[in-house]
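# Have a look; sequence and predicted model below, questions after that.
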Amino acid sequence: MNYLVYLHSIWLSQRNLCKIFEKQSDYKAFYESLSFDTLSKYINNREQVEKILQAQKKLDTKKIDEKIEKLSLQIIPKYHKHYPKLLKNISAPPYFLYVRGKLQAEDNFFSIVGSRKMSPYAKKAWESIIPDLTEYFTIVSGWAGWCDSLAHQICVEKNAKTIVVFGTWIDVIYPSGNKALFEKVIENSGALLSIFPLGTLWNIYTFPMRNEIVAGMSSWVLVLEAWEKSWTLITAKLALDQGKNIFCVPGDIFVENYIGAHTLIQNSEAKLIKNTQDILEDYGYQIGTQSKQIHFENQIQQDIYTLLKYNISLGIDDLIEKSQYEYWPLSYHLSLMELQNLIKKDLFWKYQILY
């Protein structure tokens, strides 16, 4: 996979990589055979092709190898089992992800976005809503200060998983004070994620690209403090374009920071929420229902419960695919767990947890 990073580091974009490796994935062979003719099959701009070839001559591959090893960096292409499934559905999904920590495609992701100018009201709302969400979802947010950082901090304090999406390369910490926080995210089985090549710093182009990833990973997006032309509102619009469900926390009608959120609610593009239960009620959950101590008879029941906890509801075919268990043992233990009132089956024959 290091050769894929080399290719990305010499100005072959994620979009170009998608075209080049649509039907093959021998990154080493392609890198070592780079020429004007091979690149011209995919890139029409002569100047860009020459720029890539010059960059290859100057590339310090040893330095990249050392970076990858030092950071325990994972390279996760689109065909990898841990590549988030919903991310494949955005308009231009990245060919691969840079990941530190644990990224698991079967997690139930929930995206959270908000203003970097956080008011005391917004902070109080975040601290009220996010802790309960962590019981059901893996929280996804950006790496910026204020709202994003607070979301990740709350997850760390709850020992809950969270995904940090960078607007830079994965080794560029912004703000610098977040370094300790991000290390704790990894310790809590969460992950740091980036789509940008080695050395990329933030700029006006990386923000919307990062926001599209935040929106694309989840079926749900929670918005807090979005002023009329903010990056937060852009993320909400991206999520709407992707067919996501939007939730908004209302604020003071005289405060500019809430204009965008109020517009989303007014246009019926978002559901107004006052607390976590307003979100969970759409999915048949009640806050506190998971507090009961549960004793499982075996590992199969434990795995079933874990899958249902992070996926809201699943049919038996979904459970077979995700767990790799055969039909009969799964069916048997699902029936036992129903009798024990640990799970229930809905009208569509999908299972949900009760505790």
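Everything's here; your move.
# can we go C-alpha only for contacts and neighbour counts from here?
Will do.
# Check which element follows the helix or strand hosting Tyr6 along the chain.
Assessed by DSSP states H and E, Tyr6 sits inside helix 2-9. Sequence-wise, the next helix or strand downstream of helix 2-9 (DSSP H and E) is helix 14-20.
# mind listing what's buried in that following helix?
Gln14, Asn16, Leu17, Cys18, Ile20 (16 or more other C-alpha atoms under 10 Å).
# Val49 against Lys41, yeah?
No - at 10.3 Å, Val49 does not count as touching Lys41 under the criterion of C-alpha atoms under 8 Å.
# rewinding a little: among the buried residues of helix 14-20, which one sits closest to Ile129?
Gln14 (35.3 Å; C-alpha to C-alpha).
# What residues does that closest one make contact with?
Under the criterion of C-alpha atoms under 8 Å, 6 or more residues apart in numbering, the neighbours of Gln14 are His8, Pro94, Tyr95, Phe96, Ile195.
# can you check Trp227 too?
Ser115, Leu233, Glu256, Asn257, Tyr258, Ile259, Gly260, Ala261 are the contacts of Trp227 under C-alpha under 8 Å, 6+ apart.
# biggest separation within those, which pair?
Maximum pairwise distance among the contacts of Trp227 (C-alpha to C-alpha): 12.8 Å, between Leu233 and Glu256.
# Looking at the two, which is more packed in?
The neighbour comparison of Leu233 against Glu256 (other C-alpha atoms under 10 Å) goes to Leu233, with 24 against 13.
# Now that one: closest residue in space that isn't a chain neighbour?
Distances taken as C-alpha to C-alpha, 6 or more residues apart in numbering place Ala226 nearest to Leu233, at 5.6 Å, with adjacent residues excluded.
# before we move on, what SS does the one you found have?
Judged by DSSP: H, G, I helix; E, B strand; the rest coil, the three-state class of Ala226 is coil.
# secondary structure element for Ile52?
Per DSSP H and E: helix 46-58 holds Ile52.
# Tell me the secondary structure of Val140, please.
The assignment at Val140 comes out as strand when based on three-state DSSP.
# Check Ala29 too.
Three-state assignment for Ala29 (three-state DSSP): helix.
# what about Ile204, distance to Leu307?
From Ile204 across to Leu307, the span is 38 Å (C-alpha to C-alpha, to the nearest Å).
# Glu47 too?
Shown here: Glu47 relative to Leu307, a distance of 50 Å by C-alpha to C-alpha.
# And the contacts of Gln14, which two are furthest apart?
Greatest spacing in these, by C-alpha to C-alpha: His8 and Pro94 (11.5 Å).
# Where do the helices of the stretch 51-200 of the chain begin and end?
61-70, 120-133, 147-157, 179-187 (DSSP state H, counting those that start in this stretch).
# Now for Leu198: which residues touch it?
Ser9, Trp169, Ile170.
# any chance of those residues in TSV, with distance to Ala122, neighbour count and pLDDT too?
Below are those laid out as TSV (distance: C-alpha to C-alpha, whole Å; neighbours: other C-alpha atoms under 10 Å; pLDDT from 0 to 100):
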residue	distance to Ala122	neighbour count	pLDDT
Ser9	39	22	96
Trp169	29	19	92
Ile170	28	25	93
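# Put together TSV for the residues you listed, with distance to Gln242 on each row.
Output for the contacts of Leu198, formatted as TSV (distance: C-alpha to C-alpha, whole Å):
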residue	distance to Gln242
Ser9	29
Trp169	25
Ile170	25
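# thinking again about what came up before, looking only at neighbour counts, state which of Val49 and Lys41 leads.
Higher neighbour count among Val49 and Lys41: Val49, with 21 against 10, using other C-alpha under 10 Å.
# Below-threshold pLDDT in the stretch 251-355 of the chain: ranges please.
283-293, 310-312, 347, 355 (pLDDT under 70).
# which residue ranges form the helices in it?
Using DSSP H, counting those that start in this stretch, helices in the stretch 251-355 of the chain cover 259-266, 276-280, 299-309, 316-323, 327-339.
# Nearest to Phe247, out of those?
Here helix 276-280 is closest among the helices of the stretch 251-355 of the chain (C-alpha to C-alpha), at 7.5 Å.
# Output the closest one as CSV, restricted to C-alpha atoms.
Only the C-alpha atoms of helix 276-280 are listed here, as CSV (Å, rounded to 0.1, in the frame of the first residue of the first chain):
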residue,chain,number,x,y,z
THR,A,276,-31.3,13.3,22.5
GLN,A,277,-34.7,11.5,22.8
ASP,A,278,-36.1,13.6,19.9
ILE,A,279,-33.4,11.9,17.7
LEU,A,280,-33.7,8.4,19.1
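# Going by contacts, tell me the helices and strands next to it.
helix 120-133 (3 or more C-alpha pairs under 8 Å, 6 or more residues apart in numbering; DSSP states H and E).
# any idea of the mean pLDDT for the helix it packs on?
If you average the pLDDT over helix 120-133, you get 88.
# relative to helix 147-157, how tilted is that helix?
Interaxial angle, helix 120-133 versus helix 147-157 (axes from the mean of the first three to the mean of the last three C-alpha atoms, to 10 degrees): 40 degrees.
# any idea of the angle helix 120-133 forms with strand 138-142?
Interaxial angle, helix 120-133 versus strand 138-142 (the same axes, to 10 degrees): 150 degrees.
# give the contact list for the most centrally placed residue in the chain.
The centre of the chain sits closest to Met217, judged by C-alpha atoms, centre = their mean, with a distance of 4.3 Å. Listed by C-alpha under 8 Å, 6+ apart, the contact set of Met217 reads Pro84, Lys85, Leu86, Leu87, Phe109, Phe110, Ser111, Val140.
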